[in-house]
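Novice: fold the stuff below for me.
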Amino acid sequence: MGTFTELYHSSIGKKLVVGLTGILLCIYLVVHLGGNLFLFKDDGVAAFDAYAEILPSLLVIRIIEILLFAVFIGHIVTGTLVWIRNKRARPRQYEVTKPNENSSFFSRTMFVTGSIVFIFLIVHMRSFWFTSRFKTDEHFSMFATVKEAFTDPVYSAFYVLAMVLLGFHLRHGFQSAFQTFGLKTKKYTPLIEGVGILFWFVIPLCFAAMPIYFLLKY
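Specialist: Okay, the predicted model is just below:
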């Protein structure tokens, strides 16, 4: 336990935690997207409502949700601590005079994009997760809830913006995680960059397509 605590308090330890939790969240995005694709199925909303109805009733899903919540908190808190440490360690003149030479645009905006995505996450959970878990209407339809949210232009615009910023966040974060693990070598870099496109471009694009689809259809 002491060794883990010492590792966490070190700079590399925090980066390892950020990287590991980030990869776990990327995996969650794939699973979450897979379920949400039922929204596009033209079957009178049956598939998506059945999917949304069965999830809360499964004990394993409840356990995964608790673990996922812990992963989110770990990623957010540790990522913030890393950002603060880097901010304090970076000489002001170094930051002001040559920002483009010292770091990429994506790495410089990690804290900002992450913060806005975090705000989006709170709104998103209040709109969907909380509603589905604590519903009181026996005729509740998750599809109807999603439809109501996504046919609101303001909410949909915020959702699409959040997905764009999520893509920005993952653009640097995905590759940075593998660099922290020591795997971003000349041999594996093309593979990491190729797979990274799936996470920072394809997945956010698919999520962003959902509110646009509802706005156009309904």
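
Novice: the lengthiest helix in the chain: which residues count as buried?
Specialist: If you go by DSSP state H, the chain has its longest helix at helix 59-89. For helix 59-89, burial by neighbour count (16 or more other CB atoms under 10 Å) applies to 68, 71, 72, 74, 75, 76, 78, 79, 81, 82, 83. Every residue, glycine included, has its C-beta placed from N, CA and C.

Novice: just give the closest residue to the third one, not the sequence neighbours.
Specialist: The spatial neighbour of residue 72 that comes closest, neighbours along the chain excluded (CB to CB, 6 or more residues apart in numbering), is residue 25 at 7.1 Å.

Novice: which stretch of helix or strand covers the one you found?
Specialist: Assigned by DSSP states H and E, residue 25 belongs to helix 11-36.

Novice: need the next SSE after that helix, C-terminal direction.
Specialist: Note on helix 11-36: by DSSP H and E, the next helix or strand toward the C-terminus is helix 46-54.

Novice: what's the angle from that following helix to helix 11-36?
Specialist: With axes from the mean of the first three to the mean of the last three CA atoms, to 10 degrees defining the directions, helix 46-54 sits at 130 degrees from helix 11-36.

Novice: just want the angle from helix 46-54 to helix 59-89.
Specialist: Using the same axes, to 10 degrees: helix 46-54 against helix 59-89 is 80 degrees.

Novice: which residues sit against helix 46-54?
Specialist: Outside of helix 46-54, the residues within contact range by CB atoms under 8 Å, 6 or more residues apart in numbering are 35, 36, 38, 39, 41, 132, 141, 142, 143, 146.

Novice: got JSON lines for the residues you listed, with neighbour count too?
Specialist: Putting the contacts of helix 46-54 into JSON lines (neighbours: other CB atoms under 10 Å) gives the following:
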{"residue": "35", "neighbour count": "13"}
{"residue": "36", "neighbour count": "17"}
{"residue": "38", "neighbour count": "18"}
{"residue": "39", "neighbour count": "20"}
{"residue": "41", "neighbour count": "12"}
{"residue": "132", "neighbour count": "16"}
{"residue": "141", "neighbour count": "16"}
{"residue": "142", "neighbour count": "21"}
{"residue": "143", "neighbour count": "17"}
{"residue": "146", "neighbour count": "23"}
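
Novice: noted, bye for now.
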